[in-house]
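after the sequence you'll find the predicted model.
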Amino acid sequence: MHTITEVLPYDGQARYFGPVLSPEASAHFQETLLGQIVWESDQVFIYGKHYITKRQVAWYGDKSYPYTYSKSTKRALPWTPALLSLKQQIEDLTGEVYHTCLLNLYPSGEEGMGWHSDDEKELRKNGSIASLSLGALRPFDFKHRASGHKVRILLEPGSLLEMRGTTQTHWLHALPKTKKVKGLRINLTFRQMEQG
Ligand SMILES: O=C(O)CCC(=O)C(=O)O
Ligand SMILES: [Fe+2]
């Protein structure tokens with residue numbers, strides 16, 4: 001069984017399960033996803049300037065759900081067998097059902113993700129988001145919107161973090177850049193849609 005650690009002190013729940021995949025299974029899924037997922041570069045706008053990131057993204061789901069970010073809309077691709085297998089394992093662990101998955105590929109520690117919350121209107125309000133990490137170990141930060149309180153955790157290879165309840169309302173999260181990490185990391189966030 002997994003020892004689940006609650007990482008937020010108040011105003012939401014973020015449950016860290018630790019590694020839920022063996023190193024062998026993690027390596028297998030990492031290779032499969034690298035080869036089979038349709039990865040695309042992300043676009044960001046910073047102070048009105050347009051940048052193409054080295055981070056790559058992909059969007060999969062039960063149906064062709066639209067997903068809008070950085071002013072562009074993508075449609076979810078159908079699940080691959082590897083994604084369905086991971087989705088099933090994660091649903092068994094969390095007791096939730098997910099409709100979509102956003103994948104992020106960080107080639108090294110030089111790529112990260114800035115402060116945000118996953119509170120788009122397409123997502124179920126106060127739903128569950130299950131974040132599975134493959135590859136390099138990376139720190140992951142939470143910041144409370146009102147108090148500024150910060151919490152840092154380490155996302156181990158093969159680990160699962162579930163954010164639920166009012167987490168997205170009260171807390172921001174980020175994947176900080178770090179020069180210390182040379183290896184690649186893949187993150188999968190399984191999400192519940194409002195129209196799921
Ligand atoms: O890579 C991560 O761990 C974070 C990804 C994330 O926050 C997101 O996709 O919304
Ligand atoms: Fe996020």
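Good, I have the coordinates. As the structure is a computational prediction, the values presented were derived from the model and not from experiment. Ligands and ions are numbered 1, 2, ... in the order given.

only C-alpha atoms for contact and neighbour calcs from this point on.
OK.

near ligand 1, which residues of the chain?
By C-alpha under 6 Å from any ligand atom, the residues of the chain that approach ligand 1 are Asp118, Leu175, Asn187, Thr189.

for the residue in the chain that ligand 1 sits nearest to, which non-adjacent residue is spatially closest?
Residue nearest to ligand 1 within the chain: Asn187 (4.8 Å; C-alpha to the nearest ligand atom). In this structure, Asn187 finds its nearest non-sequential neighbour in Ser133, 4.6 Å apart by C-alpha to C-alpha, 6 or more residues apart in numbering.

doesn't the one you found fall inside a strand?
Yes: looking at Ser133 with DSSP: H, G, I helix; E, B strand; the rest coil, it is inside a strand.

who are the packing partners of the longest strand seen in the chain?
In the chain, with assignment by DSSP state E, the single longest strand is strand 49-61. Contacts defined by 3 or more C-alpha pairs under 8 Å, 6 or more residues apart in numbering; DSSP states H and E place strand 49-61 against strand 40-46, strand 72-75, strand 77-78, strand 100-106.

so which bits of that strand are buried?
Using 16 or more other C-alpha atoms under 10 Å as the burial criterion, the residues of strand 49-61 that qualify are Lys54, Arg55, Gln56, Val57, Ala58, Trp59, Tyr60, Gly61.

chain center to it, what's the gap?
13 Å (C-alpha atoms, centre = their mean, to the nearest Å).

surely the residue nearest to Asn187 is in contact with Leu175?
No: applying C-alpha atoms under 8 Å, one finds Ser133 not in contact with Leu175, separated by 11.8 Å.

so those two - more neighbours on which side?
The neighbour comparison of Ser133 against Leu175 (other C-alpha atoms under 10 Å) goes to Ser133, with 26 against 19.

can you give me the pLDDT of the residue nearest to Asn187?
Per-residue pLDDT puts Ser133 at 98.

spit out the contact partners of it.
Contacts of Ser133 were listed using C-alpha atoms under 8 Å, 6 or more residues apart in numbering, and they are Leu155, Glu156, Pro157, Gly158, Ser159, Leu160, Arg185, Ile186, Asn187, Leu188.
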